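Asker: here is my input, please return the structure:
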Amino acid sequence: MRIRVLFPLAALVATFGLLYQDVIAKLVRDWAHDDNYSHGFLIVPLALYLCWERRAKLAVLPIRPSLFGLLCIAGSILVLMAGVLGAELFLTRVSIIGTIAGTVLFLFGWQHLRVLAFPIAFLLLMVPLPAIIFNQIAFPLQLLASRVGEATLSAADIPVLREGNVIILAHTTLEVAEACSGIRSLISLLTLGIIFGYFSDSRAAARWAIALVTVPIAVFANGVRVAGTGIAAHYYGPAAAEGFFHTFSGWLVFLVAFALLVIFQRLLHRLTPPPAAVLTPVSALPSPVAQA
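Answerer: Next up, the predicted model:
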């Protein structure tokens, strides 16, 4: 790396640490205590790996710093200040990504930013959603899982009555709480789908398809989990809906959802295969020059 870049980079890294030390500390604390975002610990190492994977492309690019990067950094700092003054954690955390993008643009230029766009955007997955958005997603998922559970139980000839997100059986009552809404598996499966799509297919459209299909898969898998819990509770009692079985069913359903994602990727690869690499026939290669 050129010397003229090292000093600004060191100064920006030091300033970044001073500005965001409290924001990062609270973010890590949320990863540790909120099961919905425990995958956040994996996001930064994966983003760093994706950057390292692009090292050969970055090495051949010319360094052309852009002053527009300073505007991005300034704008991100304003967002940070607004978040701090308004006690809005989401804004302060999103400003981290804006500051990183602005730093790359200011020090290295647009070509470097384009190459690093995916790893930087990938960092958005480490930021917990605002509570107002989270609740707008979680509650409809609770109702949807309840409806799927009710329909499945009725199809299995099990007497059932549903009131909102509460499923009433003959011997017990099940509540599809926020933790059972499926949003946790949805967020985790979406993250896994983005990573899996990136490494399994080089086409942008295929990667988007693999990422997007995680949403219906996660919703379907969670509905099956609720229905399975209801069936188990009907035949084996309320204890079947609690403790080890409840935790184990969550892991099992997530593995099934990932298996469905793999099946979708295989079908996508078979139905729309990527273009084969063009190979030059051996006969068309120039003959070696005989040495004297």
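
Asker: could you list the domains of this protein?
Answerer: 3-128, 132-271 (automatic domain parsing).

Asker: tell me the most buried of those?
Answerer: domain 132-271 (a mean of 17; mean count of other Cβ atoms under 10 Å). For every residue, glycine as well, the C-beta is placed using N, CA and C.

Asker: tell me how far that domain lies from the chain's centre.
Answerer: Distance of domain 132-271 from its chain centroid, counting by Cα atoms, centre = their mean, to the nearest Å, is 17 Å.

Asker: now do the same end-to-end measure for that domain.
Answerer: With Cα to Cα, to the nearest Å as the measure, domain 132-271 spans 40 Å from end to end.

Asker: stretch 167-176 now?
Answerer: End-to-end distance (Cα to Cα), stretch 167-176: 8 Å.

Asker: same deal with stretch 26-46?
Answerer: Stretch 26-46: ends 20 Å apart by Cα to Cα.

Asker: hang on, the earlier thing: comparing the domains of the chain, which yields the minimum mean pLDDT?
Answerer: For these, mean pLDDT drops lowest on domain 132-271, to a mean of 82.

Asker: against which helices or strands is the longest helix along the chain packed?
Answerer: Ordering each helix of the chain by length in residues (DSSP state H) puts helix 204-236 first. On a contact count with 3 or more Cβ pairs under 8 Å, 6 or more residues apart in numbering; DSSP states H and E, helix 204-236 meets helix 131-155, strand 173-175, helix 183-200, helix 243-271.

Asker: of all the ones you listed, which lies closest to N36?
Answerer: Proximity to N36, assessed across the helices and strands packed on helix 204-236 by Cβ to Cβ, is greatest for helix 183-200 (4.9 Å).

Asker: quick one, the closest one and helix 204-236 angle?
Answerer: Interaxial angle of helix 183-200 relative to helix 204-236 (axes from the mean of the first three to the mean of the last three Cα atoms, to 10 degrees): 140 degrees.

Asker: report the angle between helix 183-200 and helix 131-155.
Answerer: Angle, helix 183-200 to helix 131-155, by the same axes, to 10 degrees: 100 degrees.

Asker: grab the most central residue of the chain for me.
Answerer: T191 (2.5 Å; Cα atoms, centre = their mean).

Asker: excluding its backbone neighbours, what's nearest V44?
Answerer: Closest residue to V44 apart from its sequence neighbours, by Cβ to Cβ, 6 or more residues apart in numbering: M126 at 6.6 Å.

Asker: I'd say that neighbour and I24 touch.
Answerer: No - using Cβ atoms under 8 Å, M126 is not in contact with I24, being 10.3 Å away.

Asker: picking that back up, as a markdown table, the helices and strands packed on helix 204-236 with distance to F41 would be great.
Answerer: As requested, the helices and strands packed on helix 204-236 are arranged in a markdown table below (distance: least, Cβ to Cβ, whole Å):
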| stretch | distance to F41 |
| --- | --- |
| helix 131-155 | 19 |
| strand 173-175 | 30 |
| helix 183-200 | 12 |
| helix 243-271 | 17 |
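
Asker: ok, which of these comes nearest I120?
Answerer: If we rank the helices and strands packed on helix 204-236 by Cβ to Cβ, the stretch that ends up nearest is helix 183-200, at 13.7 Å.

Asker: surely I96 meets D22?
Answerer: No - if you go by Cβ under 8 Å, I96 and D22 don't touch, sitting 11.9 Å apart.

Asker: C-terminal to the helix or strand hosting A32, what's the next element?
Answerer: A32 belongs to helix 3-33 when assigned by DSSP states H and E. Per DSSP H and E, helix 3-33 leads on to helix 40-53 as the next helix or strand towards the C-terminus.

Asker: so what secondary structure elements neighbour the helix or strand following that following helix?
Answerer: Downstream of helix 40-53, the first helix or strand assigned by DSSP H and E is helix 55-59. Here helix 55-59 touches helix 110-115, going by 3+ Cβ pairs under 8 Å, 6+ apart.

Asker: how far does the helix it packs on sit from the chain's center?
Answerer: Centre-to-centre, helix 110-115 and its host chain are 22 Å apart (Cα atoms, centre = their mean).

Asker: and that helix, what other elements does it pack with?
Answerer: For helix 110-115, the packing partners by 3+ Cβ pairs under 8 Å, 6+ apart are helix 55-59, helix 89-107.
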